[in-house]
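Chemist: I'd like to go over a predicted model; first the sequence, then the structure.
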Amino acid sequence: MLKIALTKGRVEQKFIPLLERCGIDCQPLINKKRKLIVNLGDRYQFIFIKGPDAITYLKNGVVDLGIVGSDVLKEERSEANELLDLQTGKCQFILAAKADFDWNQPKRKVIGTKYPVIAQQYFARKGEDVEIIKIEGSVELTPLVGLVDAIVDITETGTTLRENHLVIHEYLDQVSTRLVANPVALKQKRKEIFAFTDMLAQEVNRK
Ligand code: PRP
């Protein structure tokens, strides 16, 4: 049986329809309610967790595979083997602020983000020294209350930015959901893992 860590929320919502299109009956996943471990027959066991925890589970060998956003993989500097870009859960990293923020002001900027590593790397590449404040959620709130000057975050539809009157200053990397494996499982369950990967790849590449 393959043990698969599936990131709760946005990633899960786009992954389950993809799995259904592969001909797998996903009713136990759809009807899971508050259950955290769900088996699909005797072939797959899905474990529902937050993205960063998926990386921990993979590293510690308690799951074979992970379905995780590339944002989380980068932020956590994951060393898991990437098997497939599922091309779902697509969004974009952005730098944004209130419309009246002066980007040319000389003062050291304060940046709010759920992704301190990615934000740090971005400003280091630009050669700009900034202060980074780690935020756990609703990052868009932080410039509105005056905690930060700007944010580095992901956006999908742009609705949250728009409804909170924030303006995109720059587009950074693209984000999508990836299938990753722990290297030990890749050796021990090679056949099963590649059968699962091939099944998903066929569906992802279908035009
Ligand atoms: C992300 C991101 C934005 C929102 C943007 O948060 O941090 O808040 O999605 O989406 P939109 O462009 O479609 O409006 P997420 O929903 O992952 O939740 P979180 O803030 O609880 O982490």
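Modeler: In hand now; what should we look at?
Chemist: List the residue ranges of this protein that fall below the pLDDT cut-off.
Modeler: The model of the chain has pLDDT under 70 over residues 207.
Chemist: any idea where the strands of it begin and end?
Modeler: Ranges of strands within the chain are 2-7, 37-40, 44-49, 65-69, 81-85, 91-98, 110-113, 131-134, 150-155, 166-175, 177-181, based on DSSP state E.
Chemist: and the residue nearest in space to the middle of the chain, what is it in contact with?
Modeler: Nearest to the mean C-alpha position of the chain, counting by CA atoms, centre = their mean, stands Gly69 at 2.5 Å. Counting by CB atoms under 8 Å, 6 or more residues apart in numbering, Gly69 touches 7, 10-11, 51, 89, 175-178. Where you see a C-beta, it was placed from the backbone N, CA and C, and this is true even at glycine.
Chemist: Need the winner for burial among the strands of the chain.
Modeler: Greatest average neighbour count among these goes to strand 65-69 (a mean of 28), per mean count of other CB atoms under 10 Å.
Chemist: Test my guess that Tyr122 contacts Leu172.
Modeler: Yes: distance between Tyr122 and Leu172: 5.9 Å, which falls inside the contact criterion (CB atoms under 8 Å).
Chemist: so what sits against both of those two?
Modeler: 95, 152.
Chemist: re earlier: tabulate the strands of the chain in CSV, adding columns for distance to Ile24.
Modeler: CSV is the format used below for these (distance: least, CB to CB, whole Å):
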stretch, distance to Ile24
strand 2-7, 12
strand 37-40, 6
strand 44-49, 8
strand 65-69, 14
strand 81-85, 16
strand 91-98, 25
strand 110-113, 36
strand 131-134, 38
strand 150-155, 28
strand 166-175, 25
strand 177-181, 14
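Chemist: just so I know, which of those strands lies nearest Asn205?
Modeler: Nearest to Asn205, of all the strands of the chain, is strand 81-85, at 9.8 Å by CB to CB.
Chemist: So Lys189 sits against Asp64, correct?
Modeler: Yes: contact criterion CB under 8 Å: Lys189 and Asp64 qualify, at 5.7 Å.
Chemist: Same drill for these two, tell me which one is more crowded.
Modeler: Neighbour totals were compared for Lys189 and Asp64, and Asp64 leads with 24 against 19 (other CB atoms under 10 Å).
Chemist: Can you read off the backbone torsions of the more buried one?
Modeler: phi -90, psi -40 (degrees, to the nearest 10).
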